[in-house]
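Asks: below: sequence and its predicted model.
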Amino acid sequence: MQYTRLGRSGLTVSRLVLGTMNFGQYTPEADARGILDRALGHGINLVDTANMYGGTAGPGITEEILGRWFAEGGERRERTVLATKLYSSMKGFGRTDNWPNTTRLSALNIRAACDASLRRLQTDHIDIYQMHHVDRDTPFDEIWEAFSVLRQQGKVTYFGSSNFAGWHLVQAQESAQRHGMLGLVSEQSLYNLRRRTVELEVLPAARAYGIGLIPWSPLSGGLLGGVLRKAREGRSAGPMTTRGLEENRATIQRWEDLCAELGEHPADVALAWLLHQPGVTAPIIGPRTAEQLDASLRALEITLAGDFLARVDALFPGPGGPAPEAYAW
């Protein structure tokens with residue numbers, strides 16, 4: 001396994017993040033525990049979840065699965081850098097309605113949501129507590145004041161964000177500085193070859209403030225993961241992937257042909273491309289099976305030469321660089 005520092009912090013994390021969104025809904029608990037054990041065995045130490053994960057099984061279920069896994073001992077918790085998130089409604093998990101102050105980032109909900117996650121996760125602290133979305137109605141000064149209490153209580157060590165715009169990162173960091181806090185150490189953003197808008201302002205802002213970027217959906221919902229090759233092998237894709245393929249079949253065919261020239265699987269090349277981008281700490285992989293987890297490790301061994309990267313850029317052109325040069329002089 002390869003490791004790096006998370007942003008400007010002293011925290012060392014693996015260059016692949018184990019995402020757990022499938023746990024409970026698509027991956028049964030027994031299989032999820034096997035994937036978690038296997039990830040630790042491979043050296044993956046950063047595990048990402050959220051209080052609302054669980055899908056049709058119910059919000060909070062994924063954190064509960066992790067909590068029972070931690071309770072098995074064997075230094076599972078000690079070896080894991082645990083990241084979870086708050087923001088969304090927990091309707092359906094112990095609540096029958098959306099009562100006021102049970103969502104978003106008020107100081108009241110931050111306190112309650114953190115305590116609830118700690119109970120489900122069966123731990124006394126969260127390593128990285130992340131805002132799942134920006135709350136435009138709550139001042140960052142209120143958020144950091146609440147976060148500072150959690151840190152003083154020993155319940156949270158680091159803080160991160162997800163789905164923030166570049167100027168949200170700036171606002172958050174300037175407010176944290178006023179409160180004498182380190183601020184954000186990570187930002188989770190949608191980032192893959194087909195979705196590169198973060199290169200305009202989010203990625204430059206993150207790099208300027210020392211915030212490690214953690215891309216989610218690195219395979220663009222499976223479109224970059226060899227979907228045509230899988231179809232030839234008789235494996236069907238989900239409805240969202242199928243719709244995306246209908247709209248982008250020619251480009252995806254060229255992408256898979258390009259990866260074939262390299263002699264690598266498209267999913268591995270898509271992950272490797274992200275690992276080659278300055279400012280990227282580690283993409284989130286969300287395996288449903290242990291076999292998918294094992295396959296993802298190949299991305300760490302792939303080196304992409306400059307001419308290959310240029311061909312990829314021609315196939316999936318980005319915004320043209322950071323703002324404002326991407327759209328102005």
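Replies: Received the coordinates, thanks.

Asks: helices and strands around the helix or strand of the chain with the lowest mean pLDDT, which ones?
Replies: Ranking every helix and strand in the chain by mean pLDDT, DSSP states H and E puts helix 227-232 at the bottom, with a mean of 82. In this structure, helix 227-232 packs against helix 239-262, with contacts taken as 3 or more Cβ pairs under 8 Å, 6 or more residues apart in numbering; DSSP states H and E. Using the backbone N, CA and C atoms, a C-beta is placed for each residue, glycine as well.

Asks: run the chain-centre distance for the helix it packs on.
Replies: With Cα atoms, centre = their mean, to the nearest Å as the basis, helix 239-262 stands 23 Å off its chain's centre.

Asks: list the buried residues in stretch 269-284.
Replies: Neighbour counts using 16 or more other Cβ atoms under 10 Å place 269-275, 277, 279-284 of stretch 269-284 among the buried residues.

Asks: wait, stretch 195-206
Replies: Per 16+ other Cβ under 10 Å, stretch 195-206 contains these buried residues: 195-196, 198-206.

Asks: next, format these as CSV and append pLDDT, secondary structure and distance to residue 171.
Replies: Shown next, in CSV, are those (pLDDT from 0 to 100; DSSP: H, G, I helix; E, B strand; the rest coil; distance: Cβ to Cβ, whole Å):
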residue, pLDDT, secondary structure, distance to residue 171
195, 96, strand, 23
196, 97, coil, 23
198, 98, helix, 17
199, 98, helix, 20
200, 98, coil, 17
201, 98, coil, 13
202, 98, helix, 13
203, 98, helix, 17
204, 98, helix, 15
205, 98, helix, 10
206, 98, helix, 13
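
Asks: between those, which is nearest residue 8?
Replies: Sorting those by distance to residue 8 puts residue 206 at the head of the list, at 10.4 Å, by Cβ to Cβ.

Asks: for that closest one, give me its contacts.
Replies: 7, 169, 187, 212-213, 279 (Cβ atoms under 8 Å, 6 or more residues apart in numbering).

Asks: go again with 7 Å.
Replies: 169, 187, 213, 279 (Cβ atoms under 7 Å, 6 or more residues apart in numbering).

Asks: next step: the buried residues of stretch 269-284 restricted to strands.
Replies: Using DSSP state E to define strands, the subset of those located there is residue 284.

Asks: is it possible to export the buried residues of stretch 269-284 to TSV including distance to residue 63 and pLDDT?
Replies: Compiled in TSV, these are given as follows (distance: Cβ to Cβ, whole Å; pLDDT from 0 to 100):
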residue	distance to residue 63	pLDDT
269	33	98
270	28	98
271	26	98
272	31	98
273	31	98
274	26	98
275	28	98
277	30	97
279	29	96
280	26	98
281	23	98
282	21	98
283	22	98
284	16	98
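
Asks: that'll do, ta.
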